[in-house]
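A.B. asks: structure for the following, please:
(one chain, ligands or ions: 1)
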Amino acid sequence: MKKLLSIRIILFLAVAQASCEYNYEEETVDGGVNNCDIEVSYKDYIRPLINNNCMPCHNGDGSEPFAPDLRTFNGVKGIAELVKEVTLSRRMPKSGSLTNEQIASIGCWVDQGALNN
Ligand code: HEC
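C.D. replies: All right, here's what the predicted structure looks like:
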């Protein structure tokens, strides 16, 4: 009887741990997602990502006249599909590359309607 109980405890712990790992895979370390069932936040995730990776060129200061201005939500929302496309194809950012998770998270945010959330 005692042995059966300890087997149950081990099984319980194994299942608990597996479900933690499952969550970990869906939400990436930097707060993005691999799974579009999870809502991506513009304020908490997309905005900081753009600030860190796109601003040197997409800041509307005229030094890159053909780079669309991405300083505001409306500026990003207006060309959301294009933002998804150029990051997915790794055409942007010109200065380097985003991680797979960052690219997936941008795609999810656009597919979820490019919300100001
Ligand atoms: C080193 C400068 C630089 C960085 C960094 C950069 N871009 Fe660009 N981007 C440009 C320039 C210059 C253009 C216009 C010329 C072109 O399309 O190549 C452009 C064009 C674009 C376009 C319009 C493409 C089209 O076909 O009209 C989009 C959308 C875009 N960038 C998104 C982004 C996003 C999103 C990021 C950040 C993840 C980013 N860019 C980072 C320089 C940059």
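
A.B. asks: neighbours around Glu64, how many?
C.D. replies: Other residues near Glu64 come to 14 when the count uses other Cβ atoms under 10 Å. Glycine gets a C-beta too; all of them are placed from N, C-alpha and C.

A.B. asks: now it. Nearest residue, chain neighbours left out?
C.D. replies: In space, and not counting its chain neighbours, Glu64 is closest to Cys57: 4.5 Å by Cβ to Cβ, 6 or more residues apart in numbering.

A.B. asks: please apply the same query to Ile46.
C.D. replies: Distance criterion Cβ to Cβ, 6+ apart; nearest residue to Ile46, sequence neighbours excluded, is Trp109 at 5.3 Å.

A.B. asks: name the residues that touch the helix or strand that neighbour falls within?
C.D. replies: Following DSSP states H and E, one finds Trp109 within helix 100-111. With Cβ atoms under 8 Å, 6 or more residues apart in numbering as the test, helix 100-111 has contacts from 28-30, 32-36, 38, 40, 42, 45-46, 49, 53, 80-81, 83-84, 87-88, 90, 98, 115.

A.B. asks: can you tell me which of the residues you listed end up in strands?
C.D. replies: Using DSSP state E, no member of the contacts of helix 100-111 falls within strands.

A.B. asks: of those residues, buried ones?
C.D. replies: Burial by neighbour count, 16 or more other Cβ atoms under 10 Å: within the contacts of helix 100-111 this picks out 28, 32-33, 40, 42, 45-46, 49, 53, 80, 83-84, 87, 98.

A.B. asks: just these: which has the poorest pLDDT?
C.D. replies: In terms of pLDDT, the weakest of the buried ones among the contacts of helix 100-111 is Thr28, which scores 68.

A.B. asks: that older thread, the ligand versus the residue nearest to Glu64, what's the distance?
C.D. replies: With distances taken as Cβ to the nearest ligand atom, to the nearest Å, Cys57 is found 3 Å from the ligand.

A.B. asks: quick check, that residue in a strand?
C.D. replies: No - secondary structure assignment places Cys57 outside any strand; it is coil (DSSP: H, G, I helix; E, B strand; the rest coil).

A.B. asks: was I right about it contacting Arg71?
C.D. replies: No - look at Cys57 against Arg71 with Cβ atoms under 8 Å: they stay out of range, at 11.5 Å.
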